[in-house]
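In: show me the folded form of this:
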Amino acid sequence: MVKPRTLYHATFADALDSITEKGLLPSEDPHWGGDLGEKSYGKVFFGKTPSDALYYARILFRDRLERQGQSAIPLVLRAAVSPEMVRSAKKSFERKRWTEERIPPELLDVYWHGWRPVQDEKNRQLGWSDMDVRWQDDYDGYADWEGGFLGKTPRDAWAEIARSITPRGGGRRSRRTAPA
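Out: Have a look, this model is predicted:
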């Protein structure tokens, strides 16, 4: 039995139903253009911490709010992966970790008011695809899916959302084991 390595991945709430069924799949449609998009194709990226994982999600979230006036909220996933599955960039300024393999849903937890397995039955009742932030003319600012005011700028909205989606420490995996 190989001791799993705990790593973190950020995704958007509207992707969670698919992840619950299929797991994390290598990217077929990177969100980035140019060289970064080409290097991202066919990979699932991880951060060593939840904050590392949220780095690119924050950029995408704020960009979507600026360009489209709305975005699904980012969420952090915790993955128990076999060390043999994960590759790391060699350059010190690139602290990226990735795999080109599917991560099964049974090896994933999602952080939403605490860690829970992505396949937890309670998750199906949450309506992940509805969890978004959008511009509301009534507020002259951004509001969440429940109508809560988040601020007047994408930066303000991120600051409010980040309080709910950022784990207060990664925690340890207990019952999960990575495939050998």
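
In: show me the shaky parts of this structure.
Out: 1-2, 29-41, 88-95, 169-180 (pLDDT under 70).

In: most distant residue from the middle of it?
Out: Using CA atoms, centre = their mean, the residue of the chain lying farthest from its centre is Asp138. It sits 29.6 Å away.

In: relative to Gln119, how far out is that one?
Out: Distance from Asp138 to Gln119, counting by CB to CB, to the nearest Å: 37 Å. For glycine as for every other residue, the C-beta is placed from the backbone atoms N, C-alpha and C.

In: sec struct for the spatially most central residue of the chain, please.
Out: With distances taken as CA atoms, centre = their mean, the residue of the chain nearest its centroid is Ala10 (1.7 Å). Under the three-state scheme (DSSP: H, G, I helix; E, B strand; the rest coil), Ala10 adopts strand.

In: tell me how far it lies from Val110.
Out: Counting by CB to CB, the gap between Ala10 and Val110 amounts to 11 Å.

In: common neighbours of the two, please.
Out: Counting by CB atoms under 8 Å, 6 or more residues apart in numbering, the shared contacts of Ala10 and Val110 are 75-77.

In: which one of those residues is nearest Pro26?
Out: Minimum distance to Pro26 across the shared contacts of Ala10 and Val110 is 14.7 Å, recorded for Leu77 (CB to CB).

In: and that closest one, what does it touch?
Out: For Leu77, the contacting residues are 8-11, 19, 24, 53, 108-111, 118, by CB under 8 Å, 6+ apart.

In: so can I have TSV of these showing distance to Pro167?
Out: Listed next are the contacts of Leu77 as TSV, based on distance: CB to CB, whole Å:
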residue	distance to Pro167
Tyr8	8
His9	13
Ala10	11
Thr11	14
Ile19	17
Leu24	18
Ala53	10
Leu108	14
Asp109	10
Val110	10
Tyr111	5
Val118	15
